[in-house]
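K.L.:
My questions concern the predicted model and sequence given below.
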Amino acid sequence: MLSVGNCHCRPWKCRTNAIKFKSPFTSSSPCLNAVPASLNRNFRSFRLEVSASASSQTRLCEEEAQQLSLADRLRPGGLAPDGFSYKENFTIRCYEVGVNRTATIEAVANLLQEVACNHAQSVGFSTDGFATTPAMRKRHLIWVAARMHIEVYKYPAWGDVTEIETWCQGEGKIGTRRDWILKDATTENIIGRATSTWVMMNQDTRRLYRATDDVRDEYMVHCPKSPRLAFPEENNNSSKKIPKLEDPAQHSRSGLMPRRADLDMNQHVNNVTYIGWVLESMPQEVLDTHELEMITLDYRRECNKDDIVESLTSLLSEPSDSSAVENGAFPSNGNATSTNGAATIRSPGSLSSNNRGFEFLHMLRLAESGFEINRGRTEWRRKLAR
């Protein structure tokens, strides 16, 4: 008879699951002497062939197991059955929440970046350059964010499990689009959506690069064959143009500098750092009564590790009921230190003119030259009473 060893590992990856052949004609079997010599020789020959086949299968299993890193075997996420999207569950940690005991917008953005990189690793892209392909590495190319749009309908609380799905696809001639959908893993309700545009830049010259066919073919094979959008609605907020904030700004924060921890493996200021800088100039009165519902950022210029940055904010529109902030007047030196949201629930796609709260324009610029490095727009909803 044929049997498989008892093992809790993946049966096609484990040495102990090699097929073994158990013969009823063992040396202790009283029937062995009754078997004709010719039949016994044939049987032993067959047993040797099965044993050799099992050994060969074991070697193949070991080779396949060696190709998988420990992180690959332990990672809780994986590709969808069609291979075009990736899902992973995340438990919200205590250091990812703010005073309202819910995740901050920076924590949400970090999770989006994490699941995107895990997706790239799962399809075999490089781990030494944020999802660079062999053709990209040959040309010293890296990915840089051009635009990021995030909408959060309910911020997950400490200990909540959030399922994030992501996929990428082409965006124009030089860009690539990556989308995300966030769900409460318990209820499967959508609690947020996001989309982004990425372009290639030469790491040596710091100039944008128009991808050639051989470069595009390496990553487009992992993209959905037909367009799939996290924001399929017409006139959605993700594609709206951000007007330039004009001087003088109503609120500002100066003296912002990248920390060493803000630099990624490409010696590039991490895009999540820009989110924190943008919110540094938000008036505290709004943060006390409202939570961030939507943020859109256009990345316009690279920030270097020695640059000093100014954060500027001005009110673009306010809700009809602005009693939370008297007369809509904020101090000119708004100083925000917390960007966490309360557990407010809102349905996807419900950001309409009737439901909007405060809307602000933002700008990040270099203090020395005044060059604009980032342009943003945010929308805020009133916190629910707790």
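P.N.:
Cool, got the structure. Residues are numbered from 1 along each chain as shown.
K.L.:
Please report phi then psi for Q203.
P.N.:
phi -70, psi -20 (degrees, to the nearest 10).
K.L.:
ok, now S226?
P.N.:
phi -120, psi 150.
K.L.:
Tell me how many other residues surround it.
P.N.:
7 (other Cβ atoms under 10 Å). The way it works is simple: take the backbone N, C-alpha and C, and place the C-beta from them, glycine included.
K.L.:
Check the one 3 residues further on too.
P.N.:
Taking other Cβ under 10 Å as the criterion, the count of residues near L229 is 13.
K.L.:
My read is that it contacts R193, right?
P.N.:
No: when contacts are counted by Cβ atoms under 8 Å, L229 is not listed as touching R193 (9.6 Å).
K.L.:
joint contacts of the two?
P.N.:
D179 (Cβ atoms under 8 Å, 6 or more residues apart in numbering).
K.L.:
where does the stretch 101-250 of the chain dip in pLDDT?
P.N.:
Applying pLDDT under 70 to the stretch 101-250 of the chain picks out residues 126-129.
K.L.:
mind listing the helices for it?
P.N.:
Taking DSSP state H, counting those that start in this stretch as the criterion, the stretch 101-250 of the chain carries its helices at 105-122, 134-138, 213-220.
K.L.:
most tightly surrounded among those helices?
P.N.:
Among the helices of the stretch 101-250 of the chain, helix 105-122 has the highest mean neighbour count (mean count of other Cβ atoms under 10 Å), at a mean of 21.
K.L.:
What is that helix packed up against?
P.N.:
Under the contact definition 3 or more Cβ pairs under 8 Å, 6 or more residues apart in numbering; DSSP states H and E, helix 105-122 sits against helix 70-74, strand 78-79, strand 86-91, strand 141-152, strand 161-171, strand 175-184, helix 271-279.
K.L.:
Swap in 6 Å and give it another go.
P.N.:
When contacts are defined as 3 or more Cβ pairs under 6 Å, 6 or more residues apart in numbering; DSSP states H and E, helix 105-122 packs onto strand 86-91, strand 161-171, helix 271-279.
K.L.:
Give me the contacts around it.
P.N.:
Under the criterion Cβ atoms under 6 Å, 6 or more residues apart in numbering, residues 77, 79, 86, 88, 90, 96, 127, 131, 164, 166, 178, 180, 194, 272, 275-276, 292, 339 lie in contact with helix 105-122.
K.L.:
Buried subset of those residues as a PyMOL selection?
P.N.:
Of the contacts of helix 105-122, the buried ones go into a single PyMOL selection, burial set by 16 or more other Cβ atoms under 10 Å:
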select buried, resi 77+86+88+90+96+131+164+166+178+180+194+272+275+276+292+339
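K.L.:
So for this protein, the centremost residue is which one?
P.N.:
Centroid check for the chain by Cα atoms, centre = their mean gives L112 as the closest residue, at 2.7 Å.
K.L.:
before we move on, back to that, of all the helices of the stretch 101-250 of the chain, which lies closest to E368?
P.N.:
Within the helices of the stretch 101-250 of the chain, the stretch nearest E368 is helix 105-122; the backing value is 26.2 Å (Cβ to Cβ).
K.L.:
if we can go back for a sec, distance to N235 for the helices and strands packed on helix 105-122 - can I get that in JSON lines?
P.N.:
JSON lines is the format used below for the helices and strands packed on helix 105-122 (distance: least, Cβ to Cβ, whole Å):
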{"stretch": "strand 86-91", "distance to N235": "29"}
{"stretch": "strand 161-171", "distance to N235": "19"}
{"stretch": "helix 271-279", "distance to N235": "24"}
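K.L.:
out of these, nearest to T104?
P.N.:
Set against T104 and scored by Cβ to Cβ, the helices and strands packed on helix 105-122 come closest in helix 271-279, at 9.0 Å.
K.L.:
Mind giving me the packing neighbours of the next helix or strand after that closest one?
P.N.:
Downstream of helix 271-279, the first helix or strand assigned by DSSP states H and E is helix 284-289. Helices and strands touching helix 284-289, as assessed by 3+ Cβ pairs under 6 Å, 6+ apart, are absent.
K.L.:
Tell me the first helix or strand C-terminal of helix 284-289.
P.N.:
Counting by DSSP H and E, the next helix or strand C-terminal to helix 284-289 is strand 290-299.
K.L.:
Can you list the strands that that following strand pairs with?
P.N.:
Strand 290-299 pairs in its sheet with strand 141-152 (antiparallel), strand 372-382 (antiparallel), by DSSP bridges.
K.L.:
CA atoms of the first one as PDB?
P.N.:
Listed next in PDB are the C-alpha coordinates belonging to strand 141-152 (Å, rounded to 0.1, in the frame of the first residue of the first chain):
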ATOM      1  CA  LEU A 141      15.200  53.000 -12.300                       C
ATOM      2  CA  ILE A 142      13.000  53.400  -9.200                       C
ATOM      3  CA  TRP A 143       9.400  54.100  -8.500                       C
ATOM      4  CA  VAL A 144       8.300  57.500  -7.200                       C
ATOM      5  CA  ALA A 145       4.800  58.600  -6.200                       C
ATOM      6  CA  ALA A 146       3.200  61.300  -8.300                       C
ATOM      7  CA  ARG A 147      -0.200  61.400  -6.700                       C
ATOM      8  CA  MET A 148      -2.000  59.800  -3.700                       C
ATOM      9  CA  HIS A 149      -5.700  59.900  -2.800                       C
ATOM     10  CA  ILE A 150      -7.100  58.300   0.300                       C
ATOM     11  CA  GLU A 151     -10.700  58.200   1.600                       C
ATOM     12  CA  VAL A 152     -11.400  56.700   5.000                       C
END
